[in-house]
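how would this look folded up:
(chains A and B)
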2 protein chains.
Amino acid sequence: MSRVLVSGGGGFVGVPLLRQLASTDWEIHALYTRAHPAAPLGVRWHRVDLLDHAAVSELVDGLAPERLVHLAWCTEHGRFWSARENVIWVELSLHLLRAFIRRGGQRLVMLGSCAEYDWSAAAAPLAECASPLAPATLYGTAKDALRRLASAYAEQQGVELAWARLFFLYGPREAPGRLVPSVVRSLLAGQAVATRSTAHVRDFMHVEDVARALVALLDSPVVGPVNIASGAGVTIGHVVDQIVQVTGRPELIRPGALPERAGEPPRLVADVARLQQAVGFQPRWDLADGLAATVRWWEEQDGDQDELYLCSDRALPRGRI
Amino acid sequence: MSRVLVSGGGGFVGVPLLRQLASTDWEIHALYTRAHPAAPLGVRWHRVDLLDHAAVSELVDGLAPERLVHLAWCTEHGRFWSARENVIWVELSLHLLRAFIRRGGQRLVMLGSCAEYDWSAAAAPLAECASPLAPATLYGTAKDALRRLASAYAEQQGVELAWARLFFLYGPREAPGRLVPSVVRSLLAGQAVATRSTAHVRDFMHVEDVARALVALLDSPVVGPVNIASGAGVTIGHVVDQIVQVTGRPELIRPGALPERAGEPPRLVADVARLQQAVGFQPRWDLADGLAATVRWWEEQDGDQDELYLCSDRALPRGRI
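Okay, here's the model as predicted:
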């Protein structure tokens, strides 16, 4: 039995990832910072402030995990692209990586992003080795810089590092300000929905499939970058239409009522040959069913939505950055 | 008058840099970790462990320097190319950068390296913007990753960051194991000198010129990478010959007696158009005079050579890495 440590286990990806891991025979340890996350049985939670280097080292030294899935990062909607915290997350991630390797860690998955690619060259599907990298945001630059150094360091130390490049996610517990939950919740509440250009093509994957892909990647021998995505491009308008198919109220949609964001490319779709062939992963959800299930999940929620998810960026008070 | 903070001020580059700065009207503050360096008048020294994040933040908060020259890094000869400490120096450098920017810092110089370039494409002079980057060592990868993130962060924060890519240095107080001091000291002691291939072409600059170039860069408005080098390629054999011209004893030279290092390219020479035209810098030392002066400096030394220089990597006990 292998011991796996998960950072960011209380987050949007972390919760379904821990559910997936709970069905394996691994011994699961997860980190949290503030409130104890509701989580599947069998997960052993450890409270630690990732900014506290000594505490992180002590915890990793005590656990000696063979595997690590490092999910934690600042992800506050609308802020994380340019948030100064991106720099500190690189520092924290390198510190955690060093502690993991020093204590005998053997294999880890870290999270990258489609924001590492050159978006001006994204007309064709983005492939891990063939597509140029040129992050245009501080977030993308931080992920890119971390990947370069962490990969070289892990390789030198004989440790396997897989770098999961996430594209666009949706599903239960997504932060309310993001596209899918904001459209779903507005329509369910009978409120008008203003969107940006609906013609942009993006690559969406249900967060449960993302979690399954990450577990498959952790359990594979693949190292280096791997796109975690569906490989299917759909327009934003199609996503909104699929939601309306479930909620009704199409008259509430106001396409193009919000201004375009600068730097948004017309198309961001992943080449998923490496995920499908090297990792051997296939998603289970198609978009229509996944969005319908997401709508049903939101229908079942009530009360303070902020209690539904724990963003890892809350772990970092801004005054300390 | 501008306040400038220098890390690594007791090192090979730091000492002549502080001498250069002492002739300006800047208020100079320098960091050291262990022994108080012998240094020019007018420098205010501060003892701080760069691993101690809280202490670094407190010191920078108290000083509020407008400028920063960050020289400190692990540079132990024969070890630094692959030393694990390279990772921690990225973390420390990002932490120092954040503290500097948060406290109102306006312009800084950080040290890069010719090891950031793709050495397999180094037949032509290496130019900052035109030559491909592909570091082959952990040291080069760490510098490359730091530059990418630090540059993006500084630009976003409206802070000017110049990235000084050093090539090959020589001069007084160089670590005894490196090429020039090892040849000089052996010949002065009447001992045989075994060298590797003497045909490799490298770009050497006297450390006093490097220091002057860094001060010129700090005082310029130039941002981004700038090669700090002579632009003149000379063979290792020529360097050895120039030393022998001063010391005599050519019969002690055993060229090629040491095995080649893997990955050593035949030619590493800088394109210095940016240094000469954008920064407006010209070196003062030619190689023959610079090596002759270096021989004379070593002739004047006696006693424990280890006292002559302080390598910044000594600041980091290996057990803590």
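
For the residue lying closest to residue A:195 once chain neighbours are set aside, list the residues it contacts.
The spatial neighbour of residue A:195 that comes closest, neighbours along the chain excluded (CB to CB, 6 or more residues apart in numbering or on different chains), is residue A:255 at 5.4 Å. No exception for glycine: its C-beta is placed from N, CA and C like everyone else's. Residues near residue A:255 by CB atoms under 8 Å, 6 or more residues apart in numbering or on different chains: A:195, A:197-198, A:237, A:240.

Just those: which are in helices?
Members of the contacts of residue A:255 lying in helices (criterion: DSSP state H): A:237, A:240.

Can I have the buried ones of the contacts of residue A:255 as a ChimeraX selection?
The buried residues among those can be selected in ChimeraX (16 or more other CB atoms under 10 Å in any protein chain shown) with this line:
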select /A:195,197,237,240
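
farthest pair in the contacts of residue A:255?
Greatest spacing in the contacts of residue A:255, by CB to CB: A:197 and A:240 (11.5 Å).

Now name the helix or strand holding residue A:234.
strand A:233-235 (DSSP states H and E).

Which residues does that strand contact?
A:198-204, A:267-269, A:287.

Show the buried residues in the residues you listed.
A:200-204, A:267-269, A:287.

Closest to chain B out of those residues?
residue A:268 (20.2 Å; CB to the nearest CB).

ok, the closest one to residue A:237 distance?
From residue A:268 over to residue A:237 the distance is 15 Å, taken as CB to CB, to the nearest Å.

pLDDT added to the contacts of strand A:233-235, as a markdown table?
Formatted as a markdown table, these follow (pLDDT from 0 to 100):
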| residue | pLDDT |
| --- | --- |
| A:198 | 85 |
| A:199 | 90 |
| A:200 | 93 |
| A:201 | 96 |
| A:202 | 97 |
| A:203 | 98 |
| A:204 | 98 |
| A:267 | 96 |
| A:268 | 97 |
| A:269 | 98 |
| A:287 | 98 |
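
picking that back up, given the strand holding residue A:234, what are its sheet partners and their directions?
strand A:201-206 (antiparallel) (DSSP bridges).

in the following helix or strand past the partner strand, what counts as buried?
Per DSSP H and E, the first helix or strand lying C-terminal to strand A:201-206 is helix A:207-218. Within helix A:207-218, the residues that count as buried by 16+ other CB under 10 Å are A:207-218.

Just give me how far helix A:207-218 sits from the chain centre.
10 Å (CA atoms, centre = their mean, to the nearest Å).

who in the stretch 101-250 of chain A is up against chain B?
With CB under 8 Å from any CB of the partner chain as the criterion, the stretch 101-250 of chain A meets chain B at residues A:102, A:135, A:138, A:141-142, A:144-146, A:148-149, A:152-153, A:156-157.

want to try a markdown table for those residues, with distance to residue A:92 and neighbour count as columns?
Converted to a markdown table, those look like this (distance: CB to CB, whole Å; neighbours: other CB atoms under 10 Å in any protein chain shown):
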| residue | distance to residue A:92 | neighbour count |
| --- | --- | --- |
| A:102 | 16 | 14 |
| A:135 | 19 | 22 |
| A:138 | 16 | 23 |
| A:141 | 16 | 26 |
| A:142 | 11 | 32 |
| A:144 | 17 | 21 |
| A:145 | 14 | 30 |
| A:146 | 10 | 28 |
| A:148 | 17 | 21 |
| A:149 | 13 | 27 |
| A:152 | 19 | 24 |
| A:153 | 15 | 23 |
| A:156 | 21 | 17 |
| A:157 | 19 | 16 |
